[in-house]
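Engineer: need a 3D model of the sequence below.
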Amino acid sequence: MLLAFSVAPSGTPASGARPTDASVHDAVAAAVKIVRESGLPNRTSSMFTEIEGEWDEVFDVVKRATEAVGEFGSRVSLVIKADIRPGYSGELSAKVDRLEQALR
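Structural biologist: So this is what the prediction gives:
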C-alpha cells in the first residue's frame, strides 16, 4: 500500500508551552523522524509524507507519528489517503515514473 498523510497539532500542549509563530515544523519533524526511522520507503513534500509497505506496518508508523505530534498540542488533525494495490511494490517511485513517461 501507498499511504499519504499529513498530521498537525493544535491547541496548547500539556506542558503549557505555546509556539509564538504558529509554525508546526517541530511537530512535523517529530513525525517525519519516526517515518524515516521505520525503514519503510518514504518521501516527504511540503504538504504530505508518503510511505509504502504492508497495511499493518504502515498504520503502525502513522499511529506512532500521530502520537508524537500529540505532544505538541491538545488535539491532532490527521489526513490520510491510501492506494491499496495488492501484489505491487516500489510504487512510491514507479507511479511517478509512469506519469513522467506519459508526459513525454
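Engineer: which residues touch stretch 46-53?
Structural biologist: With C-beta atoms under 8 Å, 6 or more residues apart in numbering as the test, stretch 46-53 has contacts from 1-6, 31-32, 35, 38, 40-44, 58, 61-62, 65, 79, 89-92. C-beta coordinates here come from the backbone N, C-alpha and C atoms, glycine included.
Engineer: for PyMOL, write a command that selects the buried ones of the residues you listed.
Structural biologist: Buried residues among the contacts of stretch 46-53 (16 or more other C-beta atoms under 10 Å), as a PyMOL selection:
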select buried, resi 1+2+3+4+5+31+32+35+38+40+42+58+61+62+65+91+92
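Engineer: the contacts of stretch 46-53 in helices, which ones?
Structural biologist: Among the contacts of stretch 46-53, the ones falling in helices (DSSP state H) are 31-32, 35, 58, 61-62, 65, 91-92.
Engineer: which two from the residues you listed end up farthest apart in space?
Structural biologist: Pairwise distances across the ones in helices among the contacts of stretch 46-53 (C-beta to C-beta) peak at 21.8 Å, for the pair A31 and E91.
Engineer: all strands of the protein, in order?
Structural biologist: Taking DSSP state E to define them, one finds strands in the chain at 2-10, 42-44, 49-52, 75-83.
Engineer: now render these as CSV, adding distance to R104.
Structural biologist: Shown next, in CSV, are the strands of the chain (distance: least, C-beta to C-beta, whole Å):
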stretch, distance to R104
strand 2-10, 23
strand 42-44, 22
strand 49-52, 23
strand 75-83, 23
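Engineer: mind showing which ranges of the chain have poor pLDDT?
Structural biologist: Scanning the chain for pLDDT under 70 picks out the ranges 16-22.
Engineer: ok, V79 to Y88 distance?
Structural biologist: Computed as C-beta to C-beta, to the nearest Å, the V79 to Y88 distance reads 23 Å.
Engineer: same check, this time on V96
Structural biologist: For V96, the distance to Y88 - C-beta to C-beta - is 14 Å.
Engineer: leaving out sequence neighbours, find the closest residue to V58.
Structural biologist: Spatially, and ignoring its direct neighbours in sequence, V58 is nearest to L3 (5.1 Å; C-beta to C-beta, 6 or more residues apart in numbering).
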